[in-house]
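A.B. asks: No letters, just coordinates:
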Ligand SMILES: [Zn+2]
């Protein structure tokens, strides 16, 4: 599950249909939709070492 910050709801939400995208500057992000308002939410992924966290 991917959690991002929805600017419309002004809170953290669980993304709907999350998919990984690579931005033009080479950074990776997860793009998904807010389940409440449908706004597209981006979550930036730190390049490496993002697997540390346990679920
Ligand atoms: Zn929202």
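C.D. replies: Arrived safely, thanks for sending. All of these numbers come straight from a predicted model, not from anything done at the bench.

A.B. asks: Quick one: name the residues of the protein near the ion.
C.D. replies: Within the chain, the positions near the ion by CB under 5 Å from the ion are 6, 8, 9, 34, 36, 37, 39. C-beta coordinates here come from the backbone N, C-alpha and C atoms, glycine included.

A.B. asks: Would you point out which residue is most central in this protein?
C.D. replies: residue 43 (2.8 Å; CA atoms, centre = their mean).

A.B. asks: Distance check, it against the ion.
C.D. replies: In this view, residue 43 and the ion are 13 Å apart by CB to the ion, to the nearest Å.

A.B. asks: Could you tell me which residues make contact with that residue?
C.D. replies: Applying CB atoms under 8 Å, 6 or more residues apart in numbering, we find residue 43 in contact with 2, 3, 4, 5, 15, 18, 29, 30, 31, 32.

A.B. asks: Filter those residues down to the buried ones.
C.D. replies: 2, 4, 15, 18, 29, 30, 31, 32 (16 or more other CB atoms under 10 Å).
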